[in-house]
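Undergrad: no sequence for this one, just the structure:
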Ligand SMILES: Cc1cc2nc3c(=O)[nH]c(=O)nc-3n(C[C@H](O)[C@H](O)[C@H](O)COP(=O)(O)OP(=O)(O)OC[C@H]3O[C@@H](n4cnc5c(N)ncnc54)[C@H](O)[C@@H]3O)c2cc1C
């Protein structure tokens, strides 16, 4: 049994939806495109799972957050795929890929062949069992990656209402789930080995702000230690977690957010790997010219960082890499090298932050931490390479993005601190030839922003993609 398509997208997550929309805009014909997904629903905006989906009142439910509503674009319901002649093969895991023969073998025994393949398999949540923790399969232990994970989490939260949860892990998922649990009237203890939350991004000062905020909402932090074991009742449910330092924390439920690992196993030995993912070039093309990779699974060169290869685990990167791959496939002559400004965000309680670029080099904090309107710049070898802002408005987020995109040179860090957000706002208002929003053609611009801060802007990249309204899910 078998079917053949011109284009196959393997994976039905965020990138699959954005790629499908782009395919239709670039003229894909009915019957040419197929999406194969282990999930039983059409592609959706995954970030909604830790935000709107977990709200105690009027929670978001499908079809409301099918892609591509997160980019204020069309909402691709199953009907949309049908109308466009796109085959959605849902609830179907691909268990083998033969890139030489250009075939995929599904768990149902079907062989699906392609001319061009887009790998969009994303990542999976790391499980406690992989770290040798016993009893980690208990029914009140939750993860959060897929819709079915989210459904389980909602059920377990309902059963634990008024009770207590332990959140293992202080990263994105841990922080967002802790906020959701509190909103659902569940007391939370967060446990993680690092000295502060969001250790991969936050500075200690930024982390202090969020930890204090969380504490004001009733969240308790236990830092610098890890989970050692579970104490289960006779039904196998977790009653308490035991930490490596011997602390026993009684609990009604556990949420685990200890990181993800890209789904590359089908392609090991067939494609070149890098940074734990599948290595692609500036066209999102893998070491096999008929195969592209996008989203969390793809490791791509970031021109802004001198072509250094990065694998990003964020939704904006998923959307942009998907669009770029389709453009490279459908319009190879017109598609330039991918030129991406790394961007990610989070939204918890009434707080909202955005980060652009890279968090390396010296940190300069600014703003009003007590008033929840603050940020930081990262300065590496005299240039601003990363910018974080909590509590900004759209123009201010655009402004910090622009500072990073333009690799502004800064000589006086003390002055940068004094200027704070105003520094970015002034850069944004300098008035580039086209308003600075869409396209910057010249390789070098130089401004003197204010006394003390000499701004030399080198625009290595010409395609400045920004100014698009971002809806946060
Ligand atoms: C709860 C949550 C909240 C998030 N919030 C944010 C946020 O606030 N900001 C942000 O920037 N990012 C956020 N992210 C990250 C963002 O969602 C991901 O970067 C994005 O989903 C990556 O898209 P993708 O298409 O590469 O992978 P995914 O969306 O994970 O899709 C991968 C798809 O491939 C399928 N698949 C995998 N292997 C197979 C196989 N062998 N056969 C068939 N199908 C397969 C999977 O079932 C899945 O449908 C969040 C992620 C989660 C889980």
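TA: Done, it's in. Model, not experiment: these values are computed from the prediction.

Undergrad: indicate the residue of the stretch 1-150 of the chain located nearest to the ligand.
TA: residue 13 (1.8 Å; CB to the nearest ligand atom). Placement of C-beta: from N, CA and C, glycine included.

Undergrad: and that residue, how many neighbours?
TA: Neighbour count of residue 13, defined by other CB atoms under 10 Å: 30.

Undergrad: so it touches residue 43, yeah?
TA: Yes - Residue 13 is in contact with residue 43 according to CB atoms under 8 Å; the separation is 6.0 Å.

Undergrad: what touches both of these two?
TA: Both residue 13 and residue 43 are in contact with residue 37, where contact means CB atoms under 8 Å, 6 or more residues apart in numbering.

Undergrad: ramachandran angles for the closest residue to the ligand within the stretch 251-400 of the chain?
TA: Closest contact between the stretch 251-400 of the chain and the ligand, by CB to the nearest ligand atom, is at residue 295 (2.1 Å). Note on residue 295: backbone dihedrals following degrees, to the nearest 10 are phi 70, psi -150.

Undergrad: so what pLDDT did it get?
TA: Looking at residue 295, its pLDDT is 98.

Undergrad: that one touches residue 314, doesn't it?
TA: No - using CB under 8 Å, residue 295 is not in contact with residue 314, being 9.4 Å away.

Undergrad: more neighbours: which of those two?
TA: Neighbour count, other CB under 10 Å: between residue 295 and residue 314, residue 295 has more, with 33 against 18.

Undergrad: quick one, what contacts that one?
TA: 11, 13, 14, 15, 120, 122, 317, 318, 321, 322.

Undergrad: please redo it, this time with the cut-off set to 6 Å
TA: Neighbouring residues of residue 295 by CB atoms under 6 Å, 6 or more residues apart in numbering: 15, 120, 122, 318, 321.

Undergrad: how many neighbouring residues does the fourth one have?
TA: Taking other CB under 10 Å as the criterion, the count of residues near residue 318 is 30.

Undergrad: next secondary structure after the helix or strand containing it?
TA: Following DSSP states H and E, one finds residue 318 within helix 315-330. Going down the chain from helix 315-330, the next helix or strand is strand 343-348, by DSSP H and E.

Undergrad: report the distance from the helix holding residue 318 to the chain centre.
TA: Its chain's average C-alpha position is 14 Å from that of helix 315-330, according to CA atoms, centre = their mean, to the nearest Å.

Undergrad: that helix close to the ligand?
TA: Yes - Helix 315-330 reaches the ligand (CB under 6 Å from any ligand atom) through 315, 316, 318.

Undergrad: how about the residues of this protein near the ligand?
TA: Residues of the chain lying close to the ligand by CB under 6 Å from any ligand atom are 11-16, 36-39, 46-47, 49-50, 93-94, 120-123, 144-145, 173, 263, 266, 295-297, 313-316, 318, 344-346.

Undergrad: among the residues you listed, name the buried ones.
TA: 11-16, 36-39, 46-47, 49-50, 94, 120-123, 144-145, 173, 263, 266, 295-297, 313-316, 318, 344-346 (16 or more other CB atoms under 10 Å).

Undergrad: next, the contact list for the nearest residue to residue 300 once chain neighbours are set aside, please.
TA: Excluding its sequence neighbours, the residue lying closest to residue 300 (CB to CB, 6 or more residues apart in numbering) is residue 280, at 5.0 Å. Residue 280 makes contact with 286, 293, 298, 300, according to CB under 6 Å, 6+ apart.

Undergrad: now render those residues as a markdown table, adding distance to residue 242, neighbour count and secondary structure.
TA: Below are those laid out as a markdown table (distance: CB to CB, whole Å; neighbours: other CB atoms under 10 Å; DSSP: H, G, I helix; E, B strand; the rest coil):
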| residue | distance to residue 242 | neighbour count | secondary structure |
| --- | --- | --- | --- |
| 286 | 44 | 25 | coil |
| 293 | 41 | 32 | strand |
| 298 | 39 | 34 | strand |
| 300 | 42 | 29 | strand |
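
Undergrad: and the pLDDT at residue 191?
TA: 98.

Undergrad: what about stretch 217-224, average pLDDT?
TA: For stretch 217-224, the per-residue pLDDT averages 97.

Undergrad: who touches it?
TA: 178, 182, 187, 188, 189, 190, 191, 211.

Undergrad: pretty sure residue 87 is touching residue 35, no?
TA: No - in this structure, residue 87 is not within contact of residue 35 by CB atoms under 6 Å, at 7.1 Å.

Undergrad: so for those two, which sits in the more crowded spot?
TA: residue 35 (27 against 17).

Undergrad: where's the nearest residue to the more buried one once chain neighbours are set aside, which helix or strand?
TA: Nearest non-adjacent residue to residue 35, counting by CB to CB, 6+ apart: residue 9, 4.6 Å away. If you go by DSSP H and E, residue 9 is part of strand 7-10.

Undergrad: same check on residue 287?
TA: Assigned by DSSP H and E, residue 287 falls outside every helix and strand.

Undergrad: same question, the one 5 residues further on
TA: For residue 292, the element it lies in under DSSP H and E is strand 291-293.

Undergrad: show me what that strand is packed up against.
TA: Contact here means 3 or more CB pairs under 6 Å, 6 or more residues apart in numbering; DSSP states H and E; on that basis strand 291-293 packs against strand 116-119.

Undergrad: output the contacts of residue 295 as JSON lines; include the columns pLDDT.
TA: Output for the contacts of residue 295, formatted as JSON lines (pLDDT from 0 to 100):
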{"residue": "15", "pLDDT": "98"}
{"residue": "120", "pLDDT": "99"}
{"residue": "122", "pLDDT": "98"}
{"residue": "318", "pLDDT": "98"}
{"residue": "321", "pLDDT": "98"}
